[in-house]
Each structure stands twice: as C-alpha cells, then as structure tokens.
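> Provide a 3D model corresponding to the input given below.
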Amino acid sequence: MSHSDDTTPPSDIPASGIPVSEIPAAAGADREGNRLAARAARYARVGTRVGGVAARIAGSRLLGLEAGGGNAAALAAALGGLKGPIMKVAQLMSTIPEALPPEYAAELAKLQSEAPPMGWPFVKRRMMAELGPDWRARFGAFEPAPAAAASLGQVHRATALDGAPLACKLQYPDMQSAVEADLRQLDLVFALHRRMDPAIDTREIAGEIGARIREELDYRREARHAALYRLMLAGEDGVRVPQVWPELSTGRLLTLDWLEGRRLLAFRDAPLEIRNRIARAMFAAWWLPFARHGVIHGDPHLGNYTVFERPGEGGAEAGGINLLDYGCIRIFPPSFVGGVVDLYRGLQAGDEARIVHAYETWGFCGLRREVIEVLNIWAGFIYGPLLDDRVRTIADGVAPGDYGRREAFRVHSALKRLGPLTIPREFVFMDRAAIGLGGVFLHLRAELNFHALFEGATAGFSVAEVTARQGAALREVGLL
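Here you go, the predicted model:
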C-alpha cells in the first residue's frame, strides 16, 4: 500500500520492499501519544464494566459458588459493547491455550472486533493530519466508505496517480491511550485468573500480548514487517505479499498494494486439489519464514488471507494466498527455532534428553519428570501431523473451533495436580499461531503429507544459518 508523487516507485527500493526510513512522519506534532486525559476517559468506560464482572467473580468465589459459565457470559457481555483494543485483547486471549479457563475462552471467542467506521468528515481530517492539506492530490481516487473496519483502524480502497489499486489502512484516533488503558484491564483479568486457577502462571502471557498489541500501533514497523515478508517469500509463487508505498504512509497510515482475492472460506467446497493447493501455500507462508528466518505471522485469522486466482484450463482457479496484515509479527531468537527443530527430532527418535533440552531452550524452568510428561501431551498434539509420514487431514473429525481444546484441557488438568507452570513469553504466540494454522487446514479440509512439507521446510537446518539469514533480512528492511 504505498506510492510516491511520481508515478513509479523509486529505483533504489530493494526487492524485499522499501527503505522504510523514507516513510514520512505525520504532519505536525504528535497530539495522540499516550495522553492522560484520553486514558482516563477510557479507564472510565472499560474499567467500570470489567471491574463489575471482577467483583461478581470475586463474590462467587468468596461464597463458594460456581465461577464458571455465568460469569464468563457476563464478562463477554461487558466487553461486547466496548470497541477498540480491549476487543482485540479479548479475542487474542480466547485463542491462546491456557490464557483463560475454557468457558471464558469460548465466550470471548464469540466477540466481533469490528468497530463502527469513522465518518468521511473525520477520515478527511485524519488524512490531512497524516499527509498534509494536499493529500487528495496524491491519489488518483480515494473511496470515502471503508472497505473493512477492525479493532485498531479501518481500510479504504484508493488508486495511485498511475491507477494502481491501493489499500490505505488508517488508525482510529487516540489508540495509544486506549491500548494502555485496556492493557491495564487485561492485567486485572489475568490476576483474577491466577487467583481462580493457579495451575498456569499467566504473567508472561500478559506481557507478550501487551508487547504485540503495542507493536500493532506502529504502522512504520508494520511497513517493515511487510517488506520483510516480501524478502523472505520472494520466489514463492503460491504467496503474494503487497508492496509498501512509503510516501503515502506514516506512523498511523499504511498504504499497500491492493491485492485482489476471494475469501478463503469461499473455497471450502472446491475440489480437493484446489483446497490442497491453498493449504500448501498457507504452510509455506507460515513455516518457511519461521524455519529459515525465525519469524512467524502471529495472527492466522481467516480475515488476514484471501485467495488469488489465475487462469486455468476451465477458467479462473485458485493460485495461492494473499497475505494482508502484518501487525502481529513475532521475531524469535534463532535458538528458539532450534528448540522447535530439536523437539521434532527428539520426538521422532524418542530422545528424551533432546526433548528436555528443547523445552529448556524455550524457557521452561524447573522441569520435573511429571511436568515433562504433561508437556509431551501438548507436543504430541502439535507435532503429531508432522511426524506422521502419510497423506492425512490435520486432525480427523475435529471442528476448527475445537482444535486443540481437548489437549489443552488434559494439560491443564494435569498441571492442577503438579503446581503452577510459567509459560515462557516467546512460546505464547508460537503456540497460538500453530493452533490457528491448524484451524485453517481444518476449514479447508486439506489432505496433505505434513511430514514431507515440514521436512522440506527444515532441510539443512542450522541455528547458525538462521542467525545469518535473520540478521541480513532484518538489516535490509530496517528492523535492526
């Protein structure tokens, strides 16, 4: 999503994307930082609702009453009328295994994150604040009605001066203040969870969610993420990554190529060959950046992908996927990637020492044999399809929304007996993204040899090579 005043991108832009240092700052002083007044107003709205439910839960516990379904529904109802970051936080929490009790996760998963769109007069003021009073002259066209609205901003279709289709992602006002206020409420919810059920220490989960949400506010960083994915997936025909247009982007406005495509779920009833082609593209888009550069797309939500089509023998057919959103990207130390491969190899060979080494590499501490056995339940679930050298579905007979829930319950029940376990921060989004990706495969009803795909992605793996590739790529796009 970007373009300059002349009608062709600058010739010095690398193949990976753009020199994001060229993205200009918003016009004038930043009046929308983490402002006390805006935070206070948000505290008043969000805190009253969340606090009321917190008091109800605490009262239930004090009186020895059931603190489950009714309170979970009350929390969902309280959050349901609130738009903005708290909705995104709630949905994130619902998809991270063990972040919340199952009944709470199920209720929060029902919430919709779409916010009421900003009206055209307000959009014009926002665009003027980001690009200056002549902003309209920098586009061939700009559609007043948003094409999509989400929790932190909305997307408008536009065209560049040369007619190239663009997607302009414009952040809602006072989002930084709202995020900080809502993350305070997140701390309250997690503190309640720790009191209600101490089997999982959720502090690292809370810290990781906060870090990723704050990053999503920085559209300059998201532009670098998009450039990083263009570099990592260059030559991967089944995945398309949009180009950033730097001179039409700021810290709160991100302009990318508009990539035409159809919703992924429109292909649920397509022939198996087509569904498998889409699933292979999804596997490549997720596992190749991770295995080769230590980077994952941490939000494998169906709305973050569309399917592009190309000519086939019988007309247009699915060619692969468009990656549309780059806010929630997680960059891992190469040693963490080494732990993922070590665990795979350890499970494959029944090598207990290598399995334990992998857990310790990820940051799990004080591992007793009983805890290792519990972690192996989860590892067996995540790695099961990768270890099984045959064509199969990702999990036979499981509904996409239930993927991973049974195993999470087994792990949780076991940990209740063994005492609290702290989930390492870096593990949080890796786990969540793997579950989300499995859910996509289930929606597609794909039948693939996941073992062969994983072996191909990790062929010749070494931590040293990931370290070198990651460093070179991050430097090229300005993330180092």
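
> my guess is residue 362 contacts residue 428. True?
No. Counting by CB atoms under 8 Å, residue 362 stays clear of residue 428, with 10.7 Å between them. Every C-beta, even on glycine, is put in place using the N, C-alpha and C of the backbone.

> buried residues in stretch 384-401?
Buried positions in stretch 384-401, judged by neighbour count with 16 or more other CB atoms under 10 Å: 385, 386, 392, 393, 394, 395, 398, 400.

> for the residues you listed, which two are the farthest from each other?
386 and 400 (18.8 Å; CB to CB).

> mind listing residues that contact stretch 353-363?
Contacts to stretch 353-363, defined as CB atoms under 8 Å, 6 or more residues apart in numbering, come from residues 335-336, 338-340, 342-343, 345-347, 367, 372, 375-376, 379, 424-427.

> in strands, which of those appear?
In strands, defined here by DSSP state E, there are no members of those.

> inside helices: which ones of those residues?
Secondary structure from DSSP state H places 335-336, 338-340, 342-343, 345-347, 372, 375-376, 379, 425-427 of those in helices.

> now the host helix or strand of residue 177: mean pLDDT?
Here residue 177 is covered by helix 175-196, with elements defined by DSSP states H and E. The pLDDT scores in helix 175-196 average 72.

> same question for stretch 442-450.
According to the model, stretch 442-450 has a mean pLDDT of 94.

> now do stretch 118-135
For stretch 118-135, mean pLDDT is 94.

> which of the residues in it are buried?
In stretch 118-135, counting by 16+ other CB under 10 Å, buried: 118, 123, 126, 127, 129, 130, 131, 135.

> more neighbours, residue 362 and residue 428?
Using other CB atoms under 10 Å, the more surrounded residue of residue 362 and residue 428 is residue 428, with 26 against 22.

> now do the contacts for that one.
96, 204, 205, 208, 209.

> now stretch 170-178, how far from the centre of its chain.
19 Å (CA atoms, centre = their mean, to the nearest Å).

> likewise for stretch 421-434?
13 Å.

> please apply the same query to stretch 297-309.
Worked out by CA atoms, centre = their mean, stretch 297-309 lies 10 Å from the chain centre.

> what is the mean pLDDT for it?
85.

> circling back to that earlier point, just the ones of the buried residues of stretch 118-135 in helices?
Per DSSP H, those map to helices at 123, 126, 127, 129, 130, 131.

> between the residues you listed, which sits nearest residue 318?
Nearest to residue 318 among these, with distances taken as CB to CB, is residue 123, at 33.6 Å.

> so residue 283 versus residue 166, what's the distance?
29 Å (CB to CB, to the nearest Å).

> for residue 210, that is, sorry about that
Counting by CB to CB, the gap from residue 210 to residue 166 is 31 Å.

> then residue 313?
In terms of CB to CB, residue 313 sits 33 Å off from residue 166.

> more crowded one of these two?
Comparing residue 313 with residue 166 by other CB under 10 Å, the one with more neighbours is residue 166, at 24 against 5.

> send the alpha carbons of the helix or strand hosting residue 471 over as CSV?
For residue 471, the host element (DSSP H and E) is helix 463-477. C-alpha atoms of helix 463-477 as CSV (Å, rounded to 0.1, in the frame of the first residue of the first chain):
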residue,chain,number,x,y,z
VAL,A,463,20.9,-22.3,14.1
ALA,A,464,23.9,-20.6,12.6
GLU,A,465,22.3,-20.2,9.2
VAL,A,466,19.1,-18.9,10.7
THR,A,467,21.1,-16.4,12.6
ALA,A,468,22.9,-15.2,9.5
ARG,A,469,19.8,-15.1,7.3
GLN,A,470,17.7,-13.3,10.0
GLY,A,471,20.3,-10.7,10.7
ALA,A,472,20.8,-9.9,6.9
ALA,A,473,17.0,-9.7,6.3
LEU,A,474,16.3,-7.5,9.4
ARG,A,475,19.1,-5.1,8.4
GLU,A,476,17.8,-4.9,4.8
VAL,A,477,14.3,-3.8,5.9
